[in-house]
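# Next come a sequence and a model predicted from it.
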Amino acid sequence: MPTILIVEDETKMQRLLSLTLTDEGYTTHTVEDAESGLKLLRNEAIDLVITDLKLPGMGGLEFLQAVKRSNGEMPVVVMTAYGSVDTAVEAMKSGASDYVLKPFSLDEMKLIVKKELDNHRLREENRSLREALGQRYEFKNIVAHSPKMQQVLATVVRVAPTSSTVLLGGESGVGKDLVAHAIHEHSRRASGPFVKINSTAIPENLLESELFGYERGAFTGATGSKPGKFELADKGTLFLDEIGDVPPATQVKLLRVLQEREFERLGGTRTLKVDVRLVAATNRDLRAALEQGAFREDLYYRLNVVPINIPALREHKEDIPALVEHFIKQQAPEAGKTISGISPEAMRILINFHWPGNVRELRNIIERAIALSPGGRIEAGDIQLDVTPSRAAAAASGAGTAVAFPPEGTTLDQFEEEIIREALRRAAGNKSQAARLLGLSRNALRYRLSKMGVADEPEPGKPEDGE
């Protein structure tokens with residue numbers, strides 16, 4: 001069993017932790033200061049360190065940094081007094097694997113120790129990942145033959161059996177939901193529920209009640225109680241898409257669930273316990289959101305335990321032929337068509353395209369081609385790409401990004417206003433949908449609307465904030 005080093009100058013806490021972890025089958029070593037801890041690390045094989053941040057002599061943060069300098073892979077769990085979250089975040093930046101706030105329950109510590117040891121084992125196995133990439137990983141409904149996508153699936157294989165929180169990154173349309181489902185299906189929670197929620201598809205004032213549920217009378221229209229997604233996902237997996245758009249107030253409650261595995265329904269007083277694995281996804285740069293103050297640092301480090309970045313389709317175009325074959329086999333029977341394949345010229349068009357909408361856009365274009373094809377096989381004339389003039393120029397030149405310019409005589413501000421009004425028109429006035437079309441957060445869109453002098457009226461069919 002793993003060996004754990006406990007660095008704690010409070011004798012009672014030191015003994016309590018040692019007895020608890022020994023009962024769990026671990027071997028423990030205890031010391032009262034950082035200097036003794038570093039000496040023991042040099043002479044003993046240690047698998048995990050638990051340290052208080054307030055220590056005599058060398059401080060816990062300095063000790064953590066010394067440990068990470070000598071062994072960057074060593075998992076370190078830090079303990080700090082309640083209310084010292086800023087210090088805990090600083091420790092996470094310095095390489096701590098996780099933190100607990102005193103006072104904490106021993107059950108919480110046992111869960112964290114098990115999780116971090118699982119993660120450590122995962123990292124050790126990933127050392128041989130590149131050598132193992134000769135093995136082909138396959139998952140239902142995921143077509144991934146390229147080295148980049150095989151690396152994604154190899155990471156899924158390693159992380160799925162653990163209980164670690166996973167943060168999926170990548171552009172819209174790359175297949176984050178399929179990867180999240182693959183993690184669930186290959187985990188110990190596969191027999192439990194897989195619950196999905198997209199934060200941008202729900203107005204901000206309703207998101208909290210969707211996640212955590214509500215009691216009767218919690219707000220206008222709450223004529224009964226309703227469980228939230230966390231309750232529905234108990235003993236299973238919750239996939240929270242577009243985590244970067246979760247409002248700050250809800251971020252606080254998310255952090256509590258991840259730390260303590262408990263919450264209260266909206267308008268309720270009863271504390272509910274849940275056992276849920278969270279897989280979050282975002283197409284935003286969360287580090288940029290941290291700098292802008294739009295996303296909590298402590299929540300980010302809780303989410304970013306095992307990050308998996310899914311590459312854009314243009315970065316693994318060698319998968320396009322297999323994806324096309326998969327979509328033809330999947331969709332042709334549904335359309336009542338007999339399609340044997342695709343012509344070389346049609347395939348060449350698809351491979352040369354830039355794919356700003358990624359795999360989702362490819363799937364839609366193949367569905368359209370099947371509908372237009374008279375039968376036999378898909379020809380070049382059946383391929384109709386969603387191309388604006390600027391995007392077509394970028395695709396033809398091989399440029400990485402399409403650039404749109406304002407029409408002659410139009411200022412940049414006027415051009416931006418036209419784009420925003422068009423997005424609102426296409427979204428039928430729904431600000432959440434319009435923000436998604438523009439690639440903005442809802443708050444960013446509201447700021448631009450205020451600059452345009454557009455009143456922040458409630459969305460059609462949606463209650464106002466506070467209802």
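Perfect, thanks for sending it.
# Then residue 280 would be within a strand, right?
Yes: the assignment for residue 280 (DSSP: H, G, I helix; E, B strand; the rest coil) places it in a strand.
# ok, and the closest non-adjacent residue to it?
residue 243 (4.1 Å; CB to CB, 6 or more residues apart in numbering). Yep, even glycine has a C-beta here, placed from its N, CA and C like the rest.
# now do residue 436
For residue 436, ignoring the flanking residues on the chain, the nearest one in space by CB to CB, 6+ apart is residue 200 at 5.2 Å.
# what about the one you found, distance to residue 284?
10 Å (CB to CB, to the nearest Å).
# what does the model give residue 132 for pLDDT?
As predicted, residue 132 sits at a pLDDT of 50.
# With residue 119 instead?
Reported pLDDT at residue 119 in the predicted model: 82.
# for it, helix, strand, or coil?
Put simply, residue 119 is helix when judged by three-state DSSP.
# can you map out the strands along the protein?
For the chain, the strands defined by DSSP state E occupy 3-7, 27-31, 48-52, 76-81, 98-102, 166-169, 194-198, 237-241, 262-264, 271-273, 277-282, 306-309, 339-342, 376-378.
# quick one: the second one to strand 3-7, angle?
For the pair strand 27-31 and strand 3-7, the angle between their directions (axes from the mean of the first three to the mean of the last three CA atoms, to 10 degrees) equals 20 degrees.
# Could you export the strands of the chain to JSON lines, including columns for distance to residue 332 and mean pLDDT?
JSON lines is the format used below for the strands of the chain (distance: least, CB to CB, whole Å; pLDDT from 0 to 100):
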{"stretch": "strand 3-7", "distance to residue 332": "57", "mean pLDDT": "96"}
{"stretch": "strand 27-31", "distance to residue 332": "60", "mean pLDDT": "95"}
{"stretch": "strand 48-52", "distance to residue 332": "53", "mean pLDDT": "95"}
{"stretch": "strand 76-81", "distance to residue 332": "53", "mean pLDDT": "91"}
{"stretch": "strand 98-102", "distance to residue 332": "49", "mean pLDDT": "89"}
{"stretch": "strand 166-169", "distance to residue 332": "30", "mean pLDDT": "95"}
{"stretch": "strand 194-198", "distance to residue 332": "27", "mean pLDDT": "94"}
{"stretch": "strand 237-241", "distance to residue 332": "29", "mean pLDDT": "96"}
{"stretch": "strand 262-264", "distance to residue 332": "46", "mean pLDDT": "91"}
{"stretch": "strand 271-273", "distance to residue 332": "47", "mean pLDDT": "92"}
{"stretch": "strand 277-282", "distance to residue 332": "30", "mean pLDDT": "95"}
{"stretch": "strand 306-309", "distance to residue 332": "32", "mean pLDDT": "93"}
{"stretch": "strand 339-342", "distance to residue 332": "4", "mean pLDDT": "90"}
{"stretch": "strand 376-378", "distance to residue 332": "9", "mean pLDDT": "89"}
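# For residue 186, find the nearest of the ones you listed.
Closest approach to residue 186 among the strands of the chain (CB to CB): strand 237-241, 10.9 Å.
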